[in-house]
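A.B. asks: 3D, please:
(2 chains)
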Amino acid sequence: DQQVKQNSPSLSVQEGRISILNCDYTNSMFDYFLWYKKYPAEGPTFLISISSIKDKNEDGRFTVFLNKSAKHLSLHIVPSQPGDSAVYFCAASEGYGGATNKLIFGTGTLLAVQP
Amino acid sequence: DAGVIQSPRHEVTEMGQEVTLRCKPISGHDYLFWYRQTMMRGLELLIYFNNNVPIDDSGMPEDRFSAKMPNASFSTLKIQPSEPRDSAVYFCASSNRGNQPQHFGDGTRLSIL
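C.D. replies: The predicted structure is shown next:
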C-alpha cells in the first residue's frame, strides 16, 4: 500500500512556464515532507522541504505548498528551465523533531522542460 | 566535500552468486540508509542504521538479504543467493542527527542473469 503517491508519471512544460508537481499521502502522522530531484545515473539530491507547521516554503524558483486537510503537497518551479528536466520524488516522514529519519518515497514524476 | 561513495557502480552476475554492495557515508553522519529502486515500486527503504546499529530492517525483502555496518565509515549490503528479481538500482544514503535531509550516493546498478 503506497503511503506516498505521485499519480503523474510524467509532465512536459515549456521553458519559462510554471511546472507543478503533485504528491498525495495517506498517513496522517507524516509531518515532514521533502522533494528530491534525480538525474539519470545519479543519486537523488535534496531540493526543498516543509514541516507540517507551515503551508508554504520557498527557495528561489522552487516553492512547496502543503495542504494538510487534503493530505496533498505540490512543488512549483517558476520559471522552468531545461536543466530542471529530471525525475522528482516526493518523500514524507514522521517526527520532524528528530524522532525518526525514515523517509517514505513516492514513485516519482519525470519532468521534461522543452526549450 | 566527498559525498556518499558506493561501489561497484555496476554489477552483473549469475543467479545464485553472492553479491556484496559497499557504501562509505559522509564523515560525521550518524545515520545510514539502504534503498532499492525499481520501476514498479520506486524507492524503497530496506534498512537503516544509527551509530552503526541497525534500527529498522522491516524493508529487507527476505533472509537472502543482510546488511552490516562494522564502523562509522563503511557498510555492506549482501545478497546470497542472488535471484533475477533482485535486479535493481541500490542506493545508500546518510544524514546527520535529527531530521536532516539524506544525502545519496550514485547507486549500484545490479543485474542478476
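
A.B. asks: please identify the residues of chain B in proximity to chain A?
C.D. replies: Residues of chain B lying near chain A by C-beta under 8 Å from any C-beta of the partner chain: B:4, B:31, B:33, B:35, B:41-45, B:48, B:56, B:91, B:93, B:95, B:97-107. (Glycine included, C-beta is placed from N, CA and C.)

A.B. asks: show me which of the residues you listed are buried.
C.D. replies: Buried by 16 or more other C-beta atoms under 10 Å in any protein chain shown: B:4, B:31, B:33, B:35, B:42-43, B:45, B:48, B:56, B:91, B:93, B:95, B:99-107, out of the residues of chain B next to chain A.

A.B. asks: hey, where'd the strands end up in chain B?
C.D. replies: Remark: strands assigned in chain B by DSSP state E are B:5-7, B:10-13, B:19-24, B:31-38, B:42-50, B:53-56, B:65-71, B:74-79, B:88-95, B:103-104, B:108-112.

A.B. asks: do chain A as well
C.D. replies: For chain A, the strands defined by DSSP E occupy A:4-5, A:10-14, A:19-25, A:32-38, A:45-51, A:56-59, A:62-67, A:72-77, A:86-93, A:104-105, A:109-114.

A.B. asks: partner strands of the last one, with direction?
C.D. replies: Translated: strand A:109-114. Next to strand A:109-114 in the sheet, as set by DSSP bridges, lie strand A:10-14 (parallel), strand A:86-93 (antiparallel).

A.B. asks: next, see if the lowest-mean-pLDDT helix or strand in chain A gets close to chain B.
C.D. replies: Every helix and strand in chain A was compared by mean pLDDT, DSSP states H and E; the lowest is strand A:104-105, with a mean of 91. Yes: Strand A:104-105 reaches chain B (C-beta under 8 Å from any C-beta) through A:Ile104, A:Phe105.

A.B. asks: so what touches that strand?
C.D. replies: Strand A:104-105 is contacted by residues A:3-4, A:27, A:30, A:36, A:89-93, B:35, B:42-45 when judged by C-beta atoms under 8 Å, 6 or more residues apart in numbering or on different chains.
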